[in-house]
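S.K.: have a look; sequence and predicted model below, questions after that.
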Amino acid sequence: MGAVFGLMVCKKKSSRYFTRGSFSWRISMIAKKIGLKTVVFDPTSLDVTGRTLKLFDGTLWRRGSLPHVIYDRCFLTGSNYKRKYAAFIKRLKRNSSTSFLGYGLRDKWSVYQQILANELLAKYLPYTMPYTSFEQLRDLLFDKHSLILKPTSSCQGRGVLLLRKHSNQVAICGRTTGNEALEQLLPLDDMSRWLSSFVGGRKYIVQQALNLNTHDNRPFDLRILMQKDGRGNWYKTGQAVRIGSRNGVTSNLHGGGEACEWSEFCDRELRSFDLQTLNTTIDEVTGALPSYVEKKHGILCELGIDLGVDVHQKQLWLLEVNSRPGRTIFKRIGDLKTFKRAYILPVLYAKSLADKLQYRLTESPVYQNHF
């Protein structure tokens, strides 16, 4: 019997999975060619015995055995939502009859602290600390004049704010948690009440605001996709630049950003740079980071690494690391070869894990005693 490849999602039952062009459809088409059957499941459907789940194979939702390999595509937001799923995912991780391609990274503050302990990587990290109170933020604003306020568990630029102090006022620019553009000017005395309402019960980090804008004042970053290949070795799949709207804060594509090839961007915006040195430094950072983070965190299969370049100070910054990266950016720049490779590599890695798992299970005494 062929191995089963499970895409773990955190959504209600739907028959829309495997529709042409969707993530699950692309994965399933590749998996089918190398002998893997793809299913979708929600971890909260795990039964009390820990042996079966409700699986969707493209036609029906039905209860079946655990997939041989699990690809974590759960995008969890909100503390209550996370707690609901955490217990089920933990039980799956402990089950010896299945393997995960990788474990999702913890929150941004935890990842920052892990990287900060690495001498090579730490020098590329911006000043960061957990947000604790308005008083803390006010003191930092008086010292640094501009700050970034970012949720510890968010994606796509949601809930990110740029705060700039002007005399006794604060200019606020960013995106709401619903990913809508936000721009406001408030007296400093009114900030405490406003922030309390905006932040709510969510955890945030405070970072120094960096000058990471193009010449026409559009925020940008360099997204690099690192993935494991069929042998489990880290591989640089591709890279591209994300460029946000003029005077904006984030460059995320979901927030209206555009995509651009790195070489084209360098020709347009980074002519004053020693590009050979810059690219060498980028390779050093992206070459060292995946294996180091995996050693500290646990197994990983892919990482989206976001780098910033300060055009004026000619400084490279390590902005963020994401364990559930997207692939759309490569399609946006017309690099279909890299776009396809980004889907192929995790499937090849899944195949290698499935083969090892099946061999281990068939060689175990429990299996042998049945014959």
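M.R.: Perfect, I can see it now. Here the structure is a predicted model, which means the values were calculated and not measured.
S.K.: and the contacts of stretch 165-173?
M.R.: With CB atoms under 8 Å, 6 or more residues apart in numbering as the test, stretch 165-173 has contacts from 141-142, 145-146, 161-164, 182-189, 191, 194, 247-249. Every C-beta, even on glycine, is put in place using the N, C-alpha and C of the backbone.
S.K.: buried residues in the host helix or strand of Lys236?
M.R.: Lys236 belongs to strand 234-243 when assigned by DSSP states H and E. Buried residues in strand 234-243, counted by 16 or more other CB atoms under 10 Å: 234-235, 237-243.
S.K.: again with stretch 306-324
M.R.: 306-309, 311, 316-324.
S.K.: which residues does the closest residue to Asn322 other than its chain neighbours bridge with?
M.R.: Take Asn322 and drop its neighbours on the chain: the residue closest to it by CB to CB, 6 or more residues apart in numbering is Gly304, 3.9 Å away. When bridges are called by DSSP bridges, Gly304 pairs up with Leu225, Asn322.
S.K.: buried residues, stretch 273-293. List them.
M.R.: So, applying 16+ other CB under 10 Å, buried residues of stretch 273-293: 282, 285-286, 289-290, 292-293.
S.K.: which of these fall within helices?
M.R.: Members of the buried residues of stretch 273-293 lying in helices (criterion: DSSP state H): 282, 285-286, 289-290, 292-293.
S.K.: sorry, back to before: list of residues touching the next helix or strand after the strand holding Lys236?
M.R.: As assigned by DSSP H and E, the chain's next helix or strand after strand 234-243 is strand 258-260. Residues from elsewhere that reach strand 258-260 (CB under 8 Å, 6+ apart): 240-243, 253, 329, 332-333.
S.K.: okay if I get the residues you listed as CSV plus pLDDT and distance to Arg202?
M.R.: Formatted as CSV, the contacts of strand 258-260 follow (pLDDT from 0 to 100; distance: CB to CB, whole Å):
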residue, pLDDT, distance to Arg202
Ala240, 97, 30
Val241, 97, 29
Arg242, 96, 24
Ile243, 95, 27
Leu253, 81, 23
Ile329, 96, 27
Arg332, 96, 30
Ile333, 97, 33
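S.K.: for Pro67, state which of these is nearest.
M.R.: Closest to Pro67 out of the contacts of strand 258-260 is Ile329 (28.3 Å), distances taken as CB to CB.
S.K.: correct me if wrong: the closest one contacts Asn252.
M.R.: No - shown here, Ile329 and Asn252 do not form a contact pair, counting by CB atoms under 8 Å, at 10.1 Å.
S.K.: shared neighbours, those two?
M.R.: Shared between the contact lists of Ile329 and Asn252 (criterion: CB under 8 Å, 6+ apart) are residues Arg242.
S.K.: could you look up the SS state of Arg202?
M.R.: Three-state call for Arg202 (DSSP: H, G, I helix; E, B strand; the rest coil): coil.
S.K.: which ones are touching the residue most central in space within the chain?
M.R.: Centroid-nearest residue in the chain, with CA atoms, centre = their mean: Asn322, separated by 2.5 Å. Residues near Asn322 by CB under 8 Å, 6+ apart: 105, 155, 303-306.
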